[in-house]
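Trainee: From the sequence below, what's the structure:
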Amino acid sequence: MATKKDLMVISDTQKWLVLVSVLLFGIFIYLLSPILSPFLVGIALAYMGDPLVDRLEKLKLSRTLSVVVTFAVLLLILVAIGLILVPKLASQFRFLAEIGPEAIVRFQKEAIPWINQNIGIDLDAIDWSSLGATINWKETGSIVTKTLARVTTSGIAVAAFIGNLVLIPVVTFYLLRDWDIMVERIGDLIPRNYYQRCTKVAYECHEMLGAFLRGQLLVMLALGVMYSIGLWVVGLKLALLIGLVAGLASIVPYMGFVVGIGFALIAAMLQFQDWMPLVWVCLVFAIGQMVEGMLLTPLLVGDRIGLHPVAVIFAVLAGGQLFGFVGILIGLPVAAVIMVLLRHLHANYKGSSLYGKP
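Mentor: From the prediction side, this is the model:
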């Protein structure tokens, strides 16, 4: 029969094994980060789509048929969004290209003298006319075309891009179909002595990730729609583009507000010759912030994430620095999981003899 000392040795060995496994997994992610994007997107889509598939299964549909129905619904939504948004965004990019040269001229005549006089920064040394001539504003309206033309200079890049686009739905389909089986098999690998504790931690991580992925995405969508409609009512021609950018940037707390109001004020100054539209733009974003803070975030996300805004910003920047675009995708989910683990570690420490309790 194993003695208490033997059990302690085994426990320490297991802890070291877990630590080494985590380090190896981090190295694995770092080395394979260039090819992980479609798999991570597929995992995220499968994770968010699994509840819908489970509900369809309860209606006596097979798992495969439920996944097919879910895919069809998502495809219809994406096609509808594309048909509505793409033409409007293209027209707004063309308008942005038209006002580009005027923006540089007005900045040179109005903003630079004020900056030189009040802030003391000398911007006259910059050749603004050459800068305006260097930028081919007529071509900026077809940003997608220019990007595709640049990408097509490398056959490998084109193949990789197309391969990633094809992989995402394929990976998502198979993950959705076998999601419950994979979760069950992972649960079977957990040592029985730690099964209840690991199950509790996994459930808390699931609650936190679900609150973030589903809740935050709904908040971003709601803010994007709200900002776009508000700026459209003000009369801003770039309302849809700025609202979309502000909504996407809202994944980081306050970033959507800062980016959106900055771009909106600049666009309003270029489009209107009056200060009153600037007041209305500020009012739109002020209302958006109040609705987000008092209604959207408490209702859709709640306090289950528990990540401080500074921690969110750090997680996004740190993930991008370490793993590039893949790091940006996994930064916040990993930070949420680490927060759950730190919460349990803190509780264990407060109840340990190291802290001072018997």
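
Trainee: which ones are touching residue 263?
Mentor: Neighbouring residues of residue 263 by C-beta atoms under 8 Å, 6 or more residues apart in numbering: 238, 242, 245, 246. C-beta: built from backbone N, CA, C; applies to glycine.

Trainee: Check the average confidence over the helix or strand encompassing it, would you?
Mentor: Following DSSP states H and E, one finds residue 263 within helix 255-271. Averaged across helix 255-271, the pLDDT comes to 85.

Trainee: before we move on, what about stretch 318-334?
Mentor: For stretch 318-334, the mean per-residue pLDDT is 74.

Trainee: before we move on, what about stretch 290-304?
Mentor: For stretch 290-304, the mean pLDDT works out to 74.

Trainee: Neighbours of residue 237, how many?
Mentor: Residues contacting residue 237 under the criterion other C-beta atoms under 10 Å number 19.

Trainee: How about the contacts made by it?
Mentor: So residue 237 contacts 92, 95, 267, 271 (C-beta under 8 Å, 6+ apart).

Trainee: Relative to residue 244, how far out is the third one?
Mentor: Going back to what we said before, that points to residue 267. Distance check for residue 267 against residue 244: by C-beta to C-beta, to the nearest Å, it reads 13 Å.

Trainee: Between the two, tell me which one has more neighbours.
Mentor: Set side by side, residue 267 and residue 244 show more neighbours around residue 267, with 24 against 20, by other C-beta under 10 Å.

Trainee: number of nearby residues for the residue lying closest to that one once chain neighbours are set aside?
Mentor: Leaving aside its chain neighbours, residue 267 sits nearest to residue 238 (4.7 Å; criterion: C-beta to C-beta, 6 or more residues apart in numbering). Using other C-beta under 10 Å, residue 238 has 24 other residues around it.

Trainee: Check residue 238 and give its pLDDT.
Mentor: Note for residue 238: predicted pLDDT of 85.

Trainee: repeat for residue 282
Mentor: Note on residue 282: pLDDT of 92.

Trainee: Quick check: it touching residue 261?
Mentor: Yes: using C-beta atoms under 8 Å, residue 282 makes contact with residue 261 at a distance of 6.8 Å.

Trainee: So those two - more neighbours on which side?
Mentor: When neighbours are counted by other C-beta under 10 Å, residue 282 and residue 261 differ, and residue 261 comes out ahead with 20 against 14.

Trainee: where does the residue nearest the centre of the chain fall, phi/psi-wise?
Mentor: Nearest to the geometric centre of the chain sits residue 251, at 5.3 Å (C-alpha atoms, centre = their mean). When quoted as degrees, to the nearest 10, the phi and psi of residue 251 stand at phi -60, psi -30.

Trainee: does it really touch residue 216, like I thought?
Mentor: Yes: judged on C-beta under 8 Å, residue 251 makes contact with residue 216 at a distance of 6.4 Å.

Trainee: Would you check how far apart residue 244 and residue 222 are?
Mentor: Distance, residue 244 to residue 222, using C-beta to C-beta: 13 Å.

Trainee: my bad, residue 318
Mentor: 28 Å.

Trainee: buried stuff in stretch 242-256?
Mentor: By neighbour count on 16 or more other C-beta atoms under 10 Å, the buried set for stretch 242-256 is 242-253, 255-256.

Trainee: again with stretch 44-55
Mentor: 44, 45, 46, 47, 48, 49, 50, 52, 53.

Trainee: what does stretch 281-292 give?
Mentor: For stretch 281-292, burial by neighbour count (16+ other C-beta under 10 Å) applies to 281, 284, 285, 288, 292.

Trainee: Now the third one: which helix or strand?
Mentor: Under the criterion of DSSP H and E, residue 285 resides in helix 276-291.

Trainee: packing partners for the helix or strand just after that helix?
Mentor: Next helix or strand after helix 276-291 toward the C-terminus (DSSP H and E): helix 309-323. Contact here means 3 or more C-beta pairs under 8 Å, 6 or more residues apart in numbering; DSSP states H and E; on that basis helix 309-323 packs against helix 4-32, helix 325-350.

Trainee: of the contacts of residue 237, closest to residue 343?
Mentor: Nearest to residue 343 out of the contacts of residue 237 is residue 267 (C-beta to C-beta; 43.4 Å).

Trainee: could you measure that closest one against residue 217, distance?
Mentor: Distance, residue 267 to residue 217, using C-beta to C-beta: 26 Å.

Trainee: go on, residue 333?
Mentor: Separation of residue 333 from residue 217 (C-beta to C-beta) stands at 12 Å.

Trainee: Same check on residue 292?
Mentor: For residue 292, the distance to residue 217 - C-beta to C-beta - is 14 Å.

Trainee: export the buried residues of stretch 44-55 to a markdown table and tack on pLDDT, distance to residue 64 and secondary structure?
Mentor: Shown next, in a markdown table, are those (pLDDT from 0 to 100; distance: C-beta to C-beta, whole Å; DSSP: H, G, I helix; E, B strand; the rest coil):
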| residue | pLDDT | distance to residue 64 | secondary structure |
| --- | --- | --- | --- |
| 44 | 81 | 21 | helix |
| 45 | 82 | 17 | helix |
| 46 | 85 | 14 | helix |
| 47 | 84 | 18 | helix |
| 48 | 81 | 19 | helix |
| 49 | 84 | 14 | helix |
| 50 | 86 | 14 | helix |
| 52 | 86 | 14 | helix |
| 53 | 88 | 10 | helix |
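
Trainee: what would these look like in CSV with distance to residue 85?
Mentor: CSV is the format used below for these (distance: C-beta to C-beta, whole Å):
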residue, distance to residue 85
44, 21
45, 20
46, 25
47, 25
48, 21
49, 22
50, 27
52, 23
53, 27
